[in-house]
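In: Have a look; sequence and predicted model below, questions after that.
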Amino acid sequence: MPELLFYTTAGCHLCEYAEAMLAELSPSREFRVTPVDISRSEKLVARYGLTIPVLRNPQTGEELNWPFSPEQIVTLLDMART
């Protein structure tokens, strides 16, 4: 099953939009989302603090920074299947 890492943090309203988008896709596609709270790591805050929400395909290293569309998420998932 493909996996996406979801870089997020509490109180991020854009992250809530991205979560809703992922929830809308989940009934039609099989994938796992692993949330990563960037506030737990200074390194992650430095890397993603201005760009969250970010989706990352851990297999390929490809990332989507906000804003992204459902179509872009599907493309990222398809990369995870290969």
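Out: In hand now; what should we look at? Numbers count the residues shown, from 1 in each chain.
In: Could you say which helix or strand holds the residue nearest the centre of the chain?
Out: Nearest residue to the geometric centre of the chain (CA atoms, centre = their mean): Leu55, 2.3 Å. Assessed by DSSP states H and E, Leu55 sits inside strand 54-56.
In: who touches that strand?
Out: For strand 54-56, the external contacting residues (CB atoms under 8 Å, 6 or more residues apart in numbering) are 4-7, 18, 48, 62-66, 68, 73, 76. For every residue, glycine as well, the C-beta is placed using N, CA and C.
In: from those residues, which single one is nearest Arg29?
Out: Ile73 (8.8 Å; CB to CB).
In: Point out where this structure drops to low pLDDT.
Out: Applying pLDDT under 70 to the chain flags residues 80-82.
In: at 50 instead, please
Out: Nowhere does the chain drop to pLDDT under 50.
In: residue boundaries of the helices in it?
Out: Secondary structure of the chain, counting by DSSP state H: helices at 13-25, 42-48, 70-81.
In: Quick one: closest of those to Arg32.
Out: Closest approach to Arg32 among the helices of the chain is made by helix 70-81 (9.7 Å; CB to CB).
In: quick one: that closest one to chain centroid distance?
Out: Offset of helix 70-81 from its chain centre (CA atoms, centre = their mean, to the nearest Å): 11 Å.
In: Repeat that for stretch 34-54.
Out: 11 Å.
In: list the buried ones in that stretch?
Out: By neighbour count on 16 or more other CB atoms under 10 Å, the buried set for stretch 34-54 is Val36, Ile38, Leu44, Tyr48, Ile52, Pro53, Val54.
In: What's the separation between the fifth one and Asp78?
Out: By that I understand Ile52. Ile52 is 23 Å from Asp78, where distance means CB to CB, to the nearest Å.
In: Listing partners with orientation, what would you give for the strand holding Leu55?
Out: strand 3-8 (antiparallel), strand 63-65 (antiparallel) (DSSP bridges).
In: can you give me how far it is from the chain middle?
Out: Going by CA atoms, centre = their mean, where strand 54-56 is centred and where its chain is centred differ by 3 Å.
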